Each structure stands twice: as C-alpha cells, then as structure tokens.
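> Structure, please.
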Amino acid sequence: MAKRTPLRKCVGCGEMIAKKDMLRVIKTKENEIKLDPTGKENGRGAYLHFSRECFEKTVKSKGLERSFKMSIDGAVYKKLGEELMGIEKE
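Below is the predicted model:
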C-alpha cells in the first residue's frame, strides 16, 4: 500500500497541496509569529505556498490572523515577507 502524502491548505489561495511543498508559519506560546523552514518547531502552524502572490493574498485577506485567532502587526508581516524572499532566492 502506498504511503499517503499529507496535504495542507494554503492560507493565501486556499489550494490543497503536499505539506512538503509548502512553507510553515507558526505562532509560538509567546504569541510570536515566525517562519518554520524545518516544519518541526513547536507551535500552531499555518501553511503558505513559496510565492509572493500567496503571501500578499494572505496579508490582504488576513489569512494568518484567522488561522492564529489573533491580530498581527504590519511589522510582523513585513518581517515575514523579507524572510520569505530570502528563502525563495536560495
């Protein structure tokens, strides 16, 4: 029997794709929002495509705020966007 691939929904566009092809964003116990490139850190996770478009849709639709049930400061989004661009270029 083939092993099933875990699917996750992108908070930007809503598309379901394989977990390994997505970027995990976490909320820690200290309510800190950060990227989790390993996918193994502790915290509540939300998933995003590795694309600027999905990130911008997430900011506009407040997708992360809904996922984490809290308001997120614009500075946090700016920092996440910069980190995402760093990962994308690698």
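
> could you say what helices and strands the helix or strand harbouring G86 packs with?
Assigned by DSSP states H and E, G86 belongs to helix 74-89. Packed against helix 74-89 by the contact rule (3 or more CB pairs under 8 Å, 6 or more residues apart in numbering; DSSP states H and E) you find strand 23-27, strand 33-36, helix 52-61. For the C-beta atoms, the positions are set from N, CA and C on the backbone; glycine is no exception.

> Could you dump those into CSV with mean pLDDT and distance to N42 added?
Converted to CSV, the helices and strands packed on helix 74-89 look like this (pLDDT from 0 to 100; distance: least, CB to CB, whole Å):
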stretch, mean pLDDT, distance to N42
strand 23-27, 93, 8
strand 33-36, 91, 9
helix 52-61, 91, 22
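
> any low-confidence regions in this structure?
Applying pLDDT under 70 to the chain flags residues 88-90.

> what about 90?
1-5, 20-21, 37-39, 50-52, 80-90 (pLDDT under 90).

> quick one on the thing from earlier: could you work out which of the helices and strands packed on helix 74-89 reaches nearest to A75?
A75 lies closest, by CB to CB, to one member of those: strand 33-36, at 10.4 Å.
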